[in-house]
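The following comprises the amino acid sequence and a computationally predicted model.
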Amino acid sequence: MESRITDDDRQEKRVAFLEWVDKGLGMLRVNGELVDQELVEETFHRVKTAEEQKVQVSCCERDPEFYEQAEQEVADSILIAQEAEKRFEEIPEEEIKPKLKEMIDAYREHGASWEMLEAQRDMMRHEIAASLRMDKLIQDLLGDDDKVSDEEVEKFYEEYKKEYRSPAEARSLHLMKTLNEDTTADEVFSKLCAVREEALEGADFEELAKRETEKSTGELDLGWITLDRPTNPFEATLFSMQEGEISPVIVYEHAMHLVKVMEKKSEQIVPMEDVREELENRALARKRRNALQALAVALRETATIEKIDMSGDDEE
């Protein structure tokens, strides 16, 4: 069943986070601007989740490291926003109006009322002005270099080629017998070896599987399986076989298995030209992001970044 995060879950998580921060980490202030703690919290959870997905384990012991990284990311984003406002304090009304109309039209298409839009008009104008300032800042930083060459696109494609691959797939029929206290592993293994021998001698594997499988659902056809975990013994065996081949006995997850490969699809790499537009957009986005990060590094040299006590305005 799919896990759903409720509002209560989010609130409980937020309270726990703020209690953790209140133990001594303090709040962040950048050039006199007090940072919304919720922004740091959201960044912290994004950083932590990304790392945990990468290593596939919980990293609670690294929370201080993730928090420090989150604070740095937030501080950098505020420094960049402050610099954009400093360089482009006033955004001409003729630039804001068409963007505001686009935003209002989009909200109207999704059912927003005029009353709600009117109440949010100042906030929308503020968001549009901030976005336009950022566009102007990037243009100021990159100038005529605000584009990517064919060489840069090709380099980006080579760097991220694994994201443009369709992994190998296999469809197989499956027979499973569980390991439990009623039968010994030797007995289960011997039984499956005998069933495999029948199949190798010409018996219909599907009929054998119907007769012998102990899967509660009775499911035989596993459908298309993607090669995601080559270190997994089941996947490693399955994808090392040819179409029509019957596996040796596989021991995996408190059970023993036999599979017959019915069909296979080899790994495919999407040609660069088929995704060129996406590659150009991603490469340009990275180029702009790198320019902003370099700016943040420079701004940090003269910035005043402080941690203040949660109970007052006294600086650490």
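It's in.

Quick check: I91 vs R300, distance?
Distance, I91 to R300, by CB to CB, to the nearest Å: 26 Å. Quick note: C-beta positions are derived from backbone N, CA and C, even for glycine.

which residue is nearest the middle of the protein?
A50 (6.5 Å; CA atoms, centre = their mean).

Now do the contacts for that residue.
With contact set as CB atoms under 8 Å, 6 or more residues apart in numbering, A50 has no partners.

Could I get the full set of strands for this protein?
27-30, 33-34, 165-166, 169-178, 221-226, 250-251, 255-265, 268-269, 305-308 (DSSP state E).

buried residues in the fourth one?
Applying a neighbour-count criterion of 16 or more other CB atoms under 10 Å, the buried positions in strand 169-178 are E169, A170, R171, S172, L173, H174, L175, M176, K177.

so that strand versus strand 221-226, what angle?
Relative orientation of strand 169-178 versus strand 221-226 (axes from the mean of the first three to the mean of the last three CA atoms, to 10 degrees): 130 degrees.

Can you get me the centre-to-centre distance for strand 169-178 and its chain?
Here strand 169-178 is found 30 Å from its chain centre; the criterion is CA atoms, centre = their mean, to the nearest Å.

cool, stretch 58-70 as well?
The answer for stretch 58-70 is 18 Å, by CA atoms, centre = their mean.

Ok, stretch 42-56 next?
Computed by CA atoms, centre = their mean, the chain-centroid distance of stretch 42-56 equals 9 Å.

mind listing what's buried in it?
T43, F44, V47, K48.

Repeat that for stretch 248-266.
Quick answer for stretch 248-266 (16+ other CB under 10 Å): V249, I250, A255, M256, H257, L258, V259, K260, V261, K264.

Low-confidence ranges, the stretch 51-200 of the chain, go.
Filtered on pLDDT under 70, the stretch 51-200 of the chain yields the residue ranges 56-57, 59.

what about the spatially most distant residue from the centre of the chain, distance to S172?
Using CA atoms, centre = their mean, the residue of the chain lying farthest from its centre is E201. It sits 47.7 Å away. The spacing between E201 and S172, counted by CB to CB, is 20 Å.

Same question for L220.
9 Å.

go on, E159?
34 Å.

repeat for T302
Taking CB to CB, one finds T302 at 63 Å from S172.

Report the beta-bridge partners for the nearest residue to E245 once chain neighbours are set aside.
Spatial nearest neighbour of E245, excluding adjacent residues (CB to CB, 6 or more residues apart in numbering): V261 at 5.4 Å. Using DSSP bridges, the beta-bridge partners of V261 come out as S172.

Tell me which residues touch V261, please.
A170, R171, S172, L238, M241, Q242, E243, G244, E245, S247.

Just the buried ones among these, please.
Neighbour counting by 16+ other CB under 10 Å classes A170, R171, S172, L238, M241, S247 among these as buried.

thinking again about what came up before, distance to E68 added to the strands of the chain, as a markdown table?
Formatted as a markdown table, these follow (distance: least, CB to CB, whole Å):
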| stretch | distance to E68 |
| --- | --- |
| strand 27-30 | 11 |
| strand 33-34 | 18 |
| strand 165-166 | 35 |
| strand 169-178 | 42 |
| strand 221-226 | 37 |
| strand 250-251 | 44 |
| strand 255-265 | 45 |
| strand 268-269 | 38 |
| strand 305-308 | 11 |
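
out of these, which comes closest to R286?
Of all the strands of the chain, strand 165-166 sits nearest to R286, with 19.9 Å by CB to CB.
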